[in-house]
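>>> Provide a 3D model corresponding to the input given below.
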Amino acid sequence: MSLEQDINALQQVELLSGFDRDHLRLLAFGSQQLSFSKGYDIFYEGQKSDSGYLVLSGLISVSIRQDGEPVHKADHGPGAMLGELALISETVRTYTATVKENCSLLKIPRTTMHRVLSEYPDLAIDLHRRISRDVSKFLRQLPEIQAKLSG
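Modelled structure (predicted):
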């Protein structure tokens, strides 16, 4: 894929909705395209994270360990962002991502994201507001979610 195609793919990521093409160009330029074959583990549950992955093609299976066994949770195709929290802060992976169909990914290092945000503080403020709003919405819905899970 070309830089322009990477930018177009990044435009579809909700987390990056406040970024303009120049911001996305910097992000794409600092990212790396990777290709993996079926069965490859991109990252593991419990592993320290340093980047997010945008699925450009193929299919990724997400699983978590329960009672020591992997449990399939979801499949993600083109346009999905895996590990997006790692773009913002140091975290530990909460799931394992395995290639289900040969894929192409855009690996976005946290250092690249931080560089873009430090060069454009207004962008960082906007991103912070959107994340805060999403967390607040989730917290308001949490009692309803807990009720459904326990009943």
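
>>> C-alpha from now on. contacts and neighbour counts both.
OK.

>>> tell me the mean pLDDT over the longest helix anywhere in the chain?
Using DSSP state H, we find that the single longest helix of the chain is helix 121-150. Per-residue pLDDT over helix 121-150 has a mean of 83.

>>> ok now that helix, how far from the chain's centre?
16 Å (Cα atoms, centre = their mean, to the nearest Å).

>>> i'd like the first residue to be 10 from this point on
Okay, residue one is now 10; in that scheme the one you just asked about reads as helix 130-159.

>>> Check which helices and strands that helix is in contact with.
Packing contacts for helix 130-159, counted by 3 or more Cα pairs under 8 Å, 6 or more residues apart in numbering; DSSP states H and E, involve helix 119-128.

>>> what sits up against the helix it packs on?
Residues external to helix 119-128 that are found in contact with it (Cα atoms under 8 Å, 6 or more residues apart in numbering): 32, 35-36, 39-40, 59-61, 95-98, 132-133.

>>> Buried residues of the longest helix of the chain, list them for me.
For helix 130-159, burial by neighbour count (16 or more other Cα atoms under 10 Å) applies to 132-133, 136.

>>> Now the terminal residues of stretch 46-61, how far apart.
Stretch 46-61 stretches 19 Å from its first residue to its last (Cα to Cα, to the nearest Å).

>>> Give me the buried stretch members for it, please.
50, 52-54, 58-61.

>>> What's the separation between residue 133 and residue 24?
Counting by Cα to Cα, the separation of residue 133 from residue 24 is 12 Å.
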